[in-house]
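[1] Take this sequence and fold it.
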Amino acid sequence: MTQTAQNIDDYIAELEAKLQKKDQCATSHYNLGVAYVAKRRFEDAKTCFLRASERSPTMAEAYVQLGGLAMNDGDIESCLKYNTAALNARARFAVPHANIGFCHLQMGNVEDAIKFLRKAVKLDSQFVQAIGTLGSALFMAGEIDESIEFSKRAIELQPKFGPAWNNLALAYLEKGDAVQAMNCVKQAQDSNYEVHPGLIADIEAQLKG
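    A predicted model of the protein is given here:
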């Protein structure tokens, strides 16, 4: 066992002991949930985050964590529900706006996705995941130039952000620039992002054509 894992185990034991004496501390329940997630004890984590939200209904982070666990289970509707609760708890929290946008994108509600993702980016201009997802949503809406703009913004903040490079490849292929699209594919692959073989085949076909 690594030292880090030992530290987490000690931290969990400390929090569990603390909560036996003072069960009403929402922050301790939340912190224990985060530690359980690190140990991949997801059901235990869910229980902790639910307890945290019960003891402190305005703790938006607990709802966001519950949403993340729901998404991990493939339950998009519950993820949407928990992140909506997070927004109700704290309206100017960028993360649930981004997560709700992502949920809508997965559900095919592209315009709703764009609305929430724009809000997330407005609240946090450095939120790379939200910026990149907005680039993807705009591509799906046919807003190719604006999609490129946001994908480039994501890469400026995080040069190895593979999904944004992939979105750029899609966008440049759509604009008929196969050379630029292939360059973006290579950048995505260099960022350890697995590019769909069909996209590569489409770009190669356009290069040959």
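
[2] The residue lying closest to Gln24 once chain neighbours are set aside: neighbouring residues, count only.
    Distance criterion Cβ to Cβ, 6 or more residues apart in numbering; nearest residue to Gln24, sequence neighbours excluded, is Arg55 at 5.6 Å. Using the backbone N, CA and C atoms, a C-beta is placed for each residue, glycine as well. Each residue near Arg55 was counted by other Cβ atoms under 10 Å, and the total is 17.

[3] where does this protein dip in pLDDT?
    Per-residue confidence for the chain (pLDDT under 70) gives these ranges: 1-5.

[4] quick one, longest helix in it?
    Among the elements of type helix in the chain, defined by DSSP state H, the one spanning the most residues is helix 3-21.

[5] Show me the contact partners of that helix.
    For helix 3-21, contacts defined as Cβ atoms under 8 Å, 6 or more residues apart in numbering pick out Met1, Cys25, Ser28, His29, Asn31, Leu32, Ala35, Tyr36, Ala38, Lys39.

[6] Write a PyMOL command that selects only the buried members of these.
    Selection of the buried residues among the contacts of helix 3-21 in PyMOL, burial being defined by 16 or more other Cβ atoms under 10 Å:
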select buried, resi 25+28+29+31+32+35+36
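
[7] Tell me which two of the contacts of helix 3-21 sit farthest apart.
    Distances among the contacts of helix 3-21 were taken as Cβ to Cβ; the most separated pair is Met1 and Cys25, at 28.1 Å.

[8] what sits against Ala62?
    With Cβ under 8 Å, 6+ apart as the criterion, the residues that contact Ala62 are Ala26, His29, Tyr30, Gly33, Phe49, Leu50, Ala52, Ser53, Ser56.

[9] What about these, which one has the most neighbours?
    Phe49 (29 neighbours).

[10] my guess is it meets His29, correct?
    Yes. Between Phe49 and His29 there is a contact at 7.4 Å, judged by Cβ atoms under 8 Å.

[11] Off-centre distance for stretch 166-179?
    Distance of stretch 166-179 from its chain centroid, counting by Cα atoms, centre = their mean, to the nearest Å, is 24 Å.

[12] I appreciate the help and will end here.
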